[in-house]
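>>> The following block contains a protein sequence and its predicted model.
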Amino acid sequence: MAPRVVVLISGTGSNLQALIDAIAAGSLKAEIPLVISNRSKVFGLERAEKAGIPTKVLALKPYTIAGKSRIQYDADLAQLIVAAKPDLVVLAGFMHILSPTFLEQFPTTPLINLHPALPGQFDGARAIERAFEAYQNGEIKHTGIMVHRVIQEVDGGEPLLVEQVEIKPEDDLVALQERIHSVEHVLLVRGAALVLEQEAAKKCNSTSA
Ligand code: GRF
């Protein structure tokens with residue numbers, strides 16, 4: 001049985017598409033049983049539906065309006081994911097910071113995140129814009145991307161894969177964003193494959209021990 005990868009998105013879902021395409025091409029041995037978005041009407045949901053993948057939307061706003069806590073939201077989100085029995089959870093452009101309440105629900109399931117910056121640089125939102133500004137101010141010569149394990153600290157988990165991305169003098173922000181996205185699509189698939197290999201090796205070792 002192929003390992004199950006639950007993917008969380010918030011937007012366009014081009015990285016979700018990279019995972020879908022890699023699975024279809026046989027280069028990523030996995031299946032995606034569920035895509036969850038915290039926003040309705042995003043293109044990523046259409047991509048999932050087109051690929052025949054079940055989707056769920058869990059938005060924070062109805063919780064806020066109903067006076068429910070963020071902790072309740074995170075607990076419900078975790079429950080949705082756990083019910084899909086994932087071997088790996090991938091945050092592919094998921095724009096919520098996850099609390100300890102959420103992370104505690106995954107003591108053994110790995111979670112990975114894609115972040116469009118090098119480790120320790122431009123953690124949090126608007127990373128590409130901030131890197132571009134820093135380049136224009138002469139503060140950096142290049143930027144990068146990382147796939148890292150998810151911990152409580154935003155974009156602070158152990159990097160699994162890191163790739164440097166060039167910034168060219170003639171770049172505008174759109175050109176840099178496009179270059180970063182095209183590298184992300186490769187790195188995220190590699191990151192997912194790497195973690196699934198590590199998990200398979202762990203299972204193999206524990207059964208042979
Ligand atoms: C990516 O740049 C990712 O690194 C960032 O959000 C973006 C998501 O893009 N965290 P998409 O929705 O996968 O197209």
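Received it, and whenever you're ready, just let me know what you need.
>>> only C-alpha atoms for contact and neighbour calcs from this point on.
Fine.
>>> Show me where this protein has its helices.
For the chain, helices defined by DSSP state H occupy the ranges 14-25, 43-50, 61-65, 70-83, 100-103, 127-136, 173-208.
>>> For the helix or strand of the chain with the lowest mean pLDDT, which residues meet the burial criterion?
Across the helices and strands of the chain, mean confidence by mean pLDDT, DSSP states H and E is lowest for helix 100-103: a mean of 90. Residues Thr101, Phe102, Leu103 are the ones in helix 100-103 that count as buried (16 or more other Cα atoms under 10 Å).
>>> just stretch 94-101 next, same as before
By neighbour count with 16+ other Cα under 10 Å, stretch 94-101 contains the buried residues Phe94, Met95, Leu98, Ser99, Thr101.
>>> Stretch 184-201 too?
Glu184, His185, Leu187, Leu188, Val189, Arg190, Gly191, Ala192, Ala193, Val195, Leu196, Glu199.
>>> Then stretch 132-144?
Buried residues in stretch 132-144, defined by neighbour count with 16+ other Cα under 10 Å: Phe132, Ala134, Tyr135, His142, Thr143, Gly144.
>>> Going by distance to the ligand, which of those wins?
Gly144 (10.3 Å; Cα to the nearest ligand atom).
>>> Quick check: that closest one touching Pro116?
Yes: applying Cα atoms under 8 Å, one finds Gly144 in contact with Pro116, separated by 6.3 Å.
>>> what is in contact with the two at once?
Ile180 (Cα atoms under 8 Å, 6 or more residues apart in numbering).
>>> Now do the same contact list for Pro110.
Neighbour list for Pro110: Asp87, Leu88, Val89, Arg149, Val195 [criterion: Cα under 8 Å, 6+ apart].
>>> who does the second one bridge with?
Right, Leu88. Val5 (DSSP bridges).
>>> so what's it up against?
Pro3, Arg4, Val5, Val6, Thr109, Pro110, Leu111, Ile112, Ala192, Val195, Leu196.
>>> What distance do you get for it to Arg149?
11 Å (Cα to Cα, to the nearest Å).
>>> For the ligand, tell me whether stretch 5-23 is touching it.
Yes: Stretch 5-23 lies within reach of the ligand by Cα under 6 Å from any ligand atom, at Gly11, Thr12, Gly13, Ser14, Asn15, Leu16.
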